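Colleague: turn this into a model:
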Amino acid sequence: MPLNPKKFNDAHRAWLKIKAEAADYLDQWDVDRLDLLFLRAGWARRPFVSRVPLDKLDRCGDILSGPLFASEKHPWPVNSNGLYMLPCVQINLTECSRVMQAEYGTGMLQVWGDQEDVSKFYLRLIPRRDVQEKYLIHGHPLLNQIAGNKNFIIPTYWLTDDEAWTVSGYGDLYFTSQSLFNGEPLINRYEIEQISPLDKALYSKAKRICRLEDRYIELVNGLGSLFDPSGYHVGGTFYDIQYSAADMPQMLWSIGSEYPYCWGDEGNAQIFYEKLDDGTLSYSFKWSSY
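Modeller: Next up, the predicted model:
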């Protein structure tokens with residue numbers, strides 16, 4: 001991967017300087033979060049997204065919206081009430097790992113949404129050797145149930161438009177970063193304001209710390225616009241709404257509110273991954289909106 005951009009490194013250095021000089025005025029929780037914010041930033045690639053007629057859809061390939069792969073061994077999943085789940089995305093982790101030079105795992109990762117609950121999602125990883133046309137169960141079981149669908153988040157346009165949305169590859173690398181979550185200063189300025197000017201050494205240090213933080217905030221709050229993390233992309237970080245990258249595991253895929261998706265009020269969704277103690281990878285899915 002290329003070196004990180006200079007403006008990102010400038011902001012990171014400003015943070016490290018603040019962290020070193022203002023330890024007495026920083027909460028460790030804030031310090032840990034900001035360290036993670038910089039750690040979670042990174043390079044990404046946008047997918048090439050296209051619409052494909054359903055009768056031409058490769059259900060063994062990458063799908064952003066449409067009927068996902070299902071077989072006798074890996075049947076179409078159902079929720080706790082026996083209703084079929086809504087297909088969300090299907091991503092080839094082997095290809096993602098290759099283009100990003102990362103360890104995302106191998107196989108085909110699927111995300112399904114619950115018809116009855118917008119907060120419930122089911123993820124499963126199917127070995128690549130099992131994802132073959134000869135095993136595919138053609139068609140889908142949704143038509144008889146979709147009228148009662150209460151999940152307004154997962155798009156089902158493909159049922160009426162007879163078109164699915166697919167990923168055919170990935171574009172050039174670009175850098176993504178979040179800004180400060182909610183833009184809040186981190187230094188306890190109230191405590192600093194209680195320092196008497198008569199204590200010249202401590203007072204001078206406190207004022208210097210405030211100036212450093214003002215410069216740091218200016219740099220960091222510009223990162224989100226300089227290195228826009230919104231939209232569809234593999235790798236990097238995401239645009240924070242209800243939670244920050246510091247609250248979550250490392251992001252694998254970002255799914256913004258771009259057609260056919262609309263995550264509530266201009267929201268977004270992400271697939272996350274993390275390595276467990278036994279060396280295996282675990283995947284999770286989350287979305288939020290304004």
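Colleague: you'd agree Tyr290 is up against Ser257?
Modeller: No - contact between Tyr290 and Ser257 fails when scored by CB atoms under 8 Å: they sit 10.3 Å apart. (Each C-beta comes from the backbone N, C-alpha and C, glycine too.)
Colleague: quickly list what's touching both of the two.
Modeller: Residues touching both Tyr290 and Ser257 by CB atoms under 8 Å, 6 or more residues apart in numbering: Glu266, Gly267.
Colleague: where along the stretch 151-290 of the chain do the strands fall?
Modeller: For the stretch 151-290 of the chain, applying DSSP state E, counting those that start in this stretch gives strands covering 163-176, 233-235, 250-256, 268-275, 281-288.
Colleague: want to throw these into TSV with distance to Ser119, mean pLDDT and mean neighbour count?
Modeller: Formatted as TSV, the strands of the stretch 151-290 of the chain follow (distance: least, CB to CB, whole Å; pLDDT from 0 to 100; neighbours: other CB atoms under 10 Å):
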stretch	distance to Ser119	mean pLDDT	mean neighbour count
strand 163-176	23	96	18
strand 233-235	24	97	24
strand 250-256	16	96	23
strand 268-275	12	97	20
strand 281-288	9	97	18
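Colleague: out of those strands, which gets nearest to Met100?
Modeller: Taking CB to CB, strand 233-235 is the member of those nearest to Met100, at 4.5 Å.
Colleague: relative to that closest one, what are the paired strands and their orientations?
Modeller: strand 42-53 (antiparallel), strand 250-256 (antiparallel) (DSSP bridges).
Colleague: can you tell me the closest non-neighbouring residue to His140?
Modeller: Nearest non-adjacent residue to His140, counting by CB to CB, 6 or more residues apart in numbering: Pro67, 4.4 Å away.
Colleague: got the contact list for that neighbour?
Modeller: Leu54, Leu57, Arg59, Pro87, Gly139, His140, Trp158, Ala164.
Colleague: check what pLDDT the residue sitting furthest away from the middle of the chain gets.
Modeller: Here the chain reaches farthest from its C-alpha mean at Leu198, the gap being 49.5 Å by CA atoms, centre = their mean. Looking at Leu198, its pLDDT stands at 72.
Colleague: what's the spacing between the nearest residue to Ser288 once chain neighbours are set aside and Ser71?
Modeller: Spatially, and ignoring its direct neighbours in sequence, Ser288 is nearest to Gln242 (3.5 Å; CB to CB, 6+ apart). Taking CB to CB, to the nearest Å as the measure, Gln242 falls 36 Å from Ser71.
Colleague: cool, thanks, signing off.
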